[in-house]
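In: just a sequence and a predicted model for now, questions to come.
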Amino acid sequence: MTLILLLSIYISLFDLRHHRITNLSVVLISVLLFIESDFHIYFLTGILFIVPLLLLGIFGGLGGGDVKLLMAVALLAIPGGSITTYLTILVVAISILTALTVVARMRLRGNIALGPAICASYLAFLFTR
């Protein structure tokens with residue numbers, strides 16, 4: 001859990017600064033999530049997430065790193081019965097991040113680093129279980 005928290009902080013700060021989530025970060029968080037989940041893979045969650053994420057990645061401007069990070073979290077950390085809880089937390093986190101970004105920039109244009117919202121929503125989800 002501590003390593004996941006530290007890596008989530010790193011991913012969030014790197015994404016805020018560079019607007020990138022590296023492949024190595026996604027691999028590391030995937031391995032840690034896989035170990036944390038007692039080696040379970042939640043295929044139902046992955047199947048439900050893959051089509052909307054691909055559509056958002058192709059047509060909606062969602063970055064590739066965000067798609068990979070969300071798929072890693074979906075496949076390795078979110079049981080099928082908890083999808084709505086996680087999505088609710090994710091929407092709240094993205095809304096807060098967007099509001100903070102608009103306040104900081106004084107406009108809505110430009111990219112928004114979603115890594116912090118993805119990481120924070122997963123950590124909040126952990127604390128709700």
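Out: The structure has been received and is ready for your questions. Numbers count the residues shown, from 1 in each chain.

In: only C-alpha atoms for contact and neighbour calcs from this point on.
Out: OK.

In: helices and strands around the helix or strand containing residue 48, which ones?
Out: For residue 48, the host element (DSSP states H and E) is helix 43-59. Helix 43-59 is packed against helix 64-77, with contacts defined by 3 or more CA pairs under 8 Å, 6 or more residues apart in numbering; DSSP states H and E.

In: rounded mean pLDDT for the helix it packs on, please.
Out: What helix 64-77 shows for mean pLDDT is 96.

In: picking that back up, mind listing what's buried along the helix holding residue 48?
Out: Residues 45-46, 49-50, 53, 57 are the ones in helix 43-59 that count as buried (16 or more other CA atoms under 10 Å).

In: looking at the residues you listed, spot the one nearest residue 72.
Out: residue 46 (8.4 Å; CA to CA).

In: how many other residues sit next to residue 110?
Out: 9 (other CA atoms under 10 Å).

In: give me the distance between it and residue 63.
Out: Distance, residue 110 to residue 63, using CA to CA, to the nearest Å: 13 Å.

In: repeat that for residue 106.
Out: When residue 106 is compared with residue 63 (using CA to CA), they lie 23 Å apart.

In: neighbour count: these two, which is higher?
Out: Neighbours per residue (other CA under 10 Å) separate residue 106 from residue 63, with residue 63 holding more: 20 against 10.

In: okay, buried residues for the longest helix along the chain please.
Out: Ordering each helix of the chain by length in residues (DSSP state H) puts helix 83-105 first. For helix 83-105, burial by neighbour count (16+ other CA under 10 Å) applies to 83, 86, 89-90, 93-94, 97-98, 101.

In: for that helix, output the C-alpha coordinates as CSV.
Out: The C-alpha trace of helix 83-105 is given here as CSV (Å, rounded to 0.1, in the frame of the first residue of the first chain):
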residue,chain,number,x,y,z
ILE,A,83,-17.6,-0.3,-10.5
THR,A,84,-20.2,2.4,-9.7
THR,A,85,-18.5,3.4,-6.5
TYR,A,86,-15.2,3.8,-8.3
LEU,A,87,-16.7,5.7,-11.2
THR,A,88,-18.5,8.0,-8.8
ILE,A,89,-15.2,8.8,-7.0
LEU,A,90,-13.4,9.2,-10.3
VAL,A,91,-16.0,11.7,-11.6
VAL,A,92,-15.8,13.7,-8.4
ALA,A,93,-12.0,13.7,-8.5
ILE,A,94,-11.9,14.8,-12.2
SER,A,95,-14.5,17.5,-11.4
ILE,A,96,-12.3,18.9,-8.6
LEU,A,97,-9.2,18.7,-10.7
THR,A,98,-10.9,20.5,-13.5
ALA,A,99,-12.2,23.2,-11.2
LEU,A,100,-8.7,23.7,-9.7
THR,A,101,-7.2,23.8,-13.2
VAL,A,102,-9.7,26.5,-14.3
VAL,A,103,-9.1,28.6,-11.2
ALA,A,104,-5.3,28.3,-11.7
ARG,A,105,-5.3,29.1,-15.4
